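A.B. asks: I'll drop the sequence and a predicted model, then ask my questions.
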Amino acid sequence: MKECPQCSAEYSDNVSFCPKDGKSLVAKITARKQLCPYCANSIEEDATSCPYCKADLVSQFVPQWLKRDESLSETGEASVRKKLLVPGSLIWLAAVLVTGLAAFLIGGRLQRAQLLQLSQDNVKELQAKDQMIQSLEKQLDQTRQEFKDNSAQLAEAKAKLEEGQKNLTTAQQRLDVARHEADRLSASQSQARTRTVSRPAPPPSPAAQTRAAGTGVYETTRATTVYEDPSPSSRVVSQIGQGTRINVVNSTGDWLEVRSKHGKPPGFVRSDDARMVSRVN
């Protein structure tokens, strides 16, 4: 007898190849066989472990199969072995499928639960960020409004400061004019007292009067004020210090009309605040 090394099917000695697997047939080994008590595969009777399921056959708790009838023929033994092999393979295949399906279902359920929890956490995080953004926008609007209010207050304070500076400048000019008038009056009173005590001076000659009122270059004898008109109540044009040379182009009573060679506005100064340096012919 021959058998297929792949499917263990038995054939007569005149057959060379297995019609199922195409494998070359080998002589059937007449060694005694037994069924593995764990996987039901045919193994050597004296084997200590199953070459298929790797089960330990030496343990005292090895399950025992029913004893096979020794009077069974070789054909009956092959039929019984095939019947036992097929259900065992199907059972293992079913067990693997059930295990895989259970793992897939459990894993899918766990994955869905994790995804659901992750989605809920993301939604909560997005809501918290949205609330934070809304709070920051409110703070930004409030800061902008405060900035506008502060800008308006700053502009108003700046306008008041400029107005105060103008008023201060005007008051300073008026104070200078008043101080100058006071100095002039004090000088006039001193001169009057001196004239009263001393001998009356002779009246100035017409040539001296003409010279005093003539045009030419004058030099200030004290700090004086240049007015827009020949009146102390007119607008103040500028202030000039003592020893400043001025160009006199005309005279009106006690006032000298001056013109600047440096582009400054014209005006009037008192004649007793300046003396002639050179005459212009």
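C.D. replies: That came through fine. Numbers count the residues shown, from 1 in each chain.
A.B. asks: so for the helix or strand residue 106 falls within, what's the average pLDDT?
C.D. replies: For residue 106, the host element (DSSP states H and E) is helix 74-197. Taken as a whole, helix 74-197 has a mean pLDDT of 79.
A.B. asks: show me what that helix is packed up against.
C.D. replies: Taking 3 or more Cβ pairs under 8 Å, 6 or more residues apart in numbering; DSSP states H and E as contact, the helices and strands that helix 74-197 lies on are strand 10-11, strand 33-35, strand 224-227, strand 236-240. Every C-beta, even on glycine, is put in place using the N, C-alpha and C of the backbone.
A.B. asks: deepest of those, which one?
C.D. replies: strand 224-227 (a mean of 21; mean count of other Cβ atoms under 10 Å).
A.B. asks: who's in contact with that strand?
C.D. replies: Identification of contacts with strand 224-227 by Cβ atoms under 8 Å, 6 or more residues apart in numbering yields 176-177, 180, 234-240, 258, 267-270, 273-274.
A.B. asks: can you say which of those residues are buried?
C.D. replies: For the contacts of strand 224-227, a burial check counting by 16 or more other Cβ atoms under 10 Å picks out 177, 180, 236, 237, 240, 258, 267, 268, 269, 270, 273, 274.
A.B. asks: residue 33 reaches residue 41, doesn't it?
C.D. replies: No: using Cβ atoms under 8 Å, residue 33 is not in contact with residue 41, being 9.9 Å away.
A.B. asks: quick one on the thing from earlier: which one of the buried ones among the contacts of strand 224-227 is nearest to residue 143?
C.D. replies: Nearest to residue 143, judged by Cβ to Cβ, of these is residue 236 at 47.5 Å.
A.B. asks: any idea how far that closest one lies from residue 227?
C.D. replies: 6 Å (Cβ to Cβ, to the nearest Å).
A.B. asks: residue 270 now?
C.D. replies: Counting by Cβ to Cβ - residue 270 and residue 227 are separated by 9 Å.
A.B. asks: go on, residue 49?
C.D. replies: Relative to residue 227, and taking Cβ to Cβ, residue 49 is found at 133 Å.
A.B. asks: one more: residue 257?
C.D. replies: Distance from residue 257 to residue 227, by Cβ to Cβ: 10 Å.
A.B. asks: quick check: neighbours shared by those two?
C.D. replies: With Cβ under 8 Å, 6+ apart as the test, residue 257 and residue 227 both reach 267, 268.
A.B. asks: quick one: contacts for residue 13?
C.D. replies: Counted by Cβ under 8 Å, 6+ apart, residue 13 has contacts 1, 2.
A.B. asks: per-residue pLDDT, it?
C.D. replies: With respect to pLDDT, residue 13 has a value of 80.
A.B. asks: that one sits in which helix or strand?
C.D. replies: Counting by DSSP H and E, residue 13 is part of no helix or strand.
A.B. asks: now residue 243: which helix or strand?
C.D. replies: With DSSP H and E as criterion, residue 243 is part of no helix or strand.
A.B. asks: meant to ask about residue 256
C.D. replies: Using DSSP H and E, residue 256 falls in strand 255-259.
A.B. asks: what angle do strand 236-240 and that strand make with each other?
C.D. replies: 80 degrees (axes from the mean of the first three to the mean of the last three Cα atoms, to 10 degrees).
A.B. asks: export strand 255-259 to PDB, keeping only CA atoms.
C.D. replies: Coordinates of each C-alpha in strand 255-259 appear next as PDB, following Å, rounded to 0.1, in the frame of the first residue of the first chain:
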ATOM      1  CA  TRP A 255       7.900 157.600  19.200                       C
ATOM      2  CA  LEU A 256      10.500 156.400  16.800                       C
ATOM      3  CA  GLU A 257       9.400 154.300  13.800                       C
ATOM      4  CA  VAL A 258      11.900 151.500  13.200                       C
ATOM      5  CA  ARG A 259      12.500 149.000  10.300                       C
END
